[in-house]
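**Student:** I need the structure of the sequence given here:
(one chain, ligands or ions: 1)
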Amino acid sequence: MFKVVPVSDPPVNNQKMVYVRAMTEYWPQEDPTIPCVDAGLPFQKGDILQIVDQNDALWWQARKISDLGTCAGLIPSNHLMKRKQQDDMKIDEKCVEAAGFRRSMRLCRRKSHLSQVRAGAWCADSCCSAVGTPYEEVMRYQRRPSDKHRLIVLVGPSGVGVNELRRQLIELNPNHFQSAVPHTTRSKKSYEMDGREYHYVSKETFESLMYSHRMLEYGEYKGHLYGTSVDAVQAVLDEGKICVMDLEPQGIQVARTHELKPYVIFIKPSNMSCMKESRKNAKIITDYFVDMKFKDEDLQEMEDLAQKMETQFGQFFDHVIVNDKLQEACAQLLSAVQKAQTEPQWVPATWVSYDPES
Ligand SMILES: Nc1ncnc2c1ncn2[C@@H]1O[C@H](COP(=O)(O)OP(=O)(O)OP(=O)(O)O)[C@@H](O)[C@H]1O
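**Tutor:** Coordinates of the predicted model:
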């Protein structure tokens with residue numbers, strides 16, 4: 001049975017329009033259970049959908065907001081999509097593959113301790129999100145000038161230029177952009193100052209932050225713990241500045257809270273031939289060598305990892321920047337960061353209607 005909904009504005013029957021972010025993808029052609037393939041609406045992770053009708057328990061009608069002029073199409077209801085995901089054994093295969101993500105020792109982040117400790121978490125986190133919430137209800141949010149700034153999160157495969165872009169952005173206006181000061185359990189060096197390079201804390205203090213979920217990411221390196229706390233980010237935001245941080249992608253879900261309202265930017269490598277040209281003088285730091293030149297296999301590895309990140313975490317990316325020419329990427333980053341703070345954006349509905357009492 002179908003209900004035919006004419007394309008109209010305002011909403012039919014004065015129903016409140018519901019908007020959702022697709023946390024998974026859907027291809028009607030590959031779904032043998034859809035009542036009418038031609039009526040199906042294909043969508044990708046991260047697409048924002050306007051739900052036109054959700055009266056049927058199994059099949060909803062929706063439009064993509066990028067294409068509101070077109071007719072609504074059929075999509076599986078929340079309930080049906082969850083059931084499909086649970087039945088779909090492919091999810092398990094993806095997990096096995098994801099669990100194999102390792103940054104090589106050769107092309108390893110300086111914060112390699114983080115990736116090593118958290119590598120196993122990629123699998124668990126991504127699968128939870130896959131079977132947990134097929135659709136996340138979203139609303140338009142526009143930051144008022146009196147509100148704190150949104151946290152800017154940069155994500156990307158190791159070596160793509162996340163740190164370089166963050167550095168360049170901060171250099172443009174250090175009074176406006178700032179990184180959060182990380183915590184460490186290692187002892188302070190003579191030239192360092194508490195609260196400048198790091199917050200130097202005991203293992204007990206660090207662990208209590210970890211267990212009370214106040215660490216956005218953390219890991220161990222040469223026997224010492226390192227991490228970035230929610231409070232360190234808040235301290236930057238409380239000063240009226242924009243906090244810019246890079247995160248491993250599995251940390252995105254931890255950061256996605258009403259308090260931080262992160263805007264996630266994925267930094268992506270361009271194609272191999274462009275990368276070979278733009279990175280011919282670039283240097284990377286590995287666990288063993290400082291200032292190594294990029295090899296072809298490093299660039300290939302970067303491309304592969306970027307693809308996997310997009311497949312697994314693309315639903316969380318608010319914006320994507322291809323980092324080919326550095327100055328262009330930097331200009332794009334500045335513009336995206338400004339838009340995130342001044343223009344309406346889709347965010348989880350719970351961030352807008354947040355009730356601290358509930
Ligand atoms: N668009 C670009 N063109 C040329 N060189 C670049 C570009 N982007 C970054 N680089 C250079 O590539 C190298 C690696 O960049 P960066 O350290 O920022 O990588 P990353 O993504 O932070 O990874 P890691 O955490 O492993 O260092 C640096 O030498 C940086 O200056």
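**Student:** Please count neighbours and contacts with C-alpha atoms only from this point.
**Tutor:** OK.
**Student:** pretty sure Tyr226 contacts Val181?
**Tutor:** No. Between Tyr226 and Val181 there is no contact under CA atoms under 8 Å: 10.7 Å.
**Student:** of the two, who's got more company?
**Tutor:** Neighbours per residue (other CA atoms under 10 Å) separate Tyr226 from Val181, with Tyr226 holding more: 25 against 21.
**Student:** tell me the secondary structure for that one?
**Tutor:** strand (DSSP: H, G, I helix; E, B strand; the rest coil).
**Student:** Kindly report the same for Cys330.
**Tutor:** With three-state DSSP as the basis, Cys330 sits in helix.
**Student:** For the helix or strand where Val233 lies, buried residues please.
**Tutor:** Taking DSSP states H and E as the criterion, Val233 maps to helix 230-238. The neighbour-count check on helix 230-238 (16 or more other CA atoms under 10 Å) flags 230-234, 236-237 as buried.
**Student:** Could you dump these into CSV with distance to Tyr141 and pLDDT added?
**Tutor:** Below are the buried residues of helix 230-238 laid out as CSV (distance: CA to CA, whole Å; pLDDT from 0 to 100):
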residue, distance to Tyr141, pLDDT
Val230, 22, 95
Asp231, 23, 96
Ala232, 24, 97
Val233, 21, 97
Gln234, 20, 96
Val236, 21, 97
Leu237, 18, 97
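**Student:** Counting neighbours, what do you get for Trp27?
**Tutor:** 13.
**Student:** Can you read off the pLDDT for the nearest residue to it once chain neighbours are set aside?
**Tutor:** Computed as CA to CA, 6 or more residues apart in numbering, the closest residue to Trp27 that is not its neighbour in sequence is Pro42, at 4.9 Å. Note on Pro42: pLDDT of 96.
**Student:** before we move on, what about Gln86?
**Tutor:** pLDDT for Gln86: 81.
**Student:** And for Glu204?
**Tutor:** On the pLDDT scale, Glu204 gets 97.
**Student:** For Val236, see how far away it is.
**Tutor:** Distance, Glu204 to Val236, by CA to CA, to the nearest Å: 24 Å.
**Student:** repeat for Met81
**Tutor:** Here Met81 is placed at a distance of 40 Å from Val236 (CA to CA).
**Student:** those strands in the stretch 151-300 of the chain, which residues are they?
**Tutor:** 152-155, 177-178, 183-184, 199-200, 215-221, 224-229, 242-246, 263-268, 283-284, 292-293 (DSSP state E, counting those that start in this stretch).
**Student:** Which neighbouring elements make contact with the helix holding Val233?
**Tutor:** strand 242-246 (3 or more CA pairs under 8 Å, 6 or more residues apart in numbering; DSSP states H and E).
**Student:** For the strand it packs on, what is the distance to the chain centroid?
**Tutor:** Relative to its parent chain, strand 242-246 has a centroid offset of 13 Å by CA atoms, centre = their mean, to the nearest Å.
**Student:** Least confident of the strands of the stretch 151-300 of the chain, on average?
**Tutor:** strand 283-284 (a mean of 76).
**Student:** List the neighbouring strands of that one plus their orientation.
**Tutor:** strand 292-293 (antiparallel) (DSSP bridges).
**Student:** near the ligand, anything from the partner strand?
**Tutor:** No. Remark: strand 292-293 sits outside contact range of the ligand, by CA under 6 Å from any ligand atom, the gap being at least 8.6 Å.
**Student:** now stretch 151-158: how far from the chain's centre is it?
**Tutor:** 7 Å.
**Student:** And the contacts of it?
**Tutor:** Stretch 151-158 is touched from outside by 103, 107-109, 162, 166, 233, 237, 242-249, 260-268, 302-303, 305-306, 309, 337, with contacts defined as CA atoms under 8 Å, 6 or more residues apart in numbering.
**Student:** First-to-last residue distance for it?
**Tutor:** Per CA to CA, stretch 151-158 runs 21 Å from first to last residue.
**Student:** Excluding chain neighbours, what is closest to the closest residue to the ligand within the stretch 251-358 of the chain?
**Tutor:** Closest residue of the stretch 251-358 of the chain to the ligand, CA to the nearest ligand atom: Leu326 (3.4 Å). Spatial nearest neighbour of Leu326, chain neighbours left out: Leu165 (7.9 Å); criterion: CA to CA, 6+ apart.
**Student:** what's the distance between the one you found and Leu216?
**Tutor:** Counting by CA to CA, the gap from Leu165 to Leu216 is 21 Å.
**Student:** for Ala340, same thing?
**Tutor:** Distance from Ala340 to Leu216, by CA to CA: 21 Å.
**Student:** How about Pro32?
**Tutor:** Applying CA to CA, the value for Pro32 to Leu216 is 41 Å.
**Student:** ok, these two, which is more surrounded?
**Tutor:** Between Pro32 and Leu216, counting by other CA under 10 Å, Leu216 is the more crowded of the two (23 against 9).
**Student:** and that one, what does it touch?
**Tutor:** 227-230, 251, 254-255.
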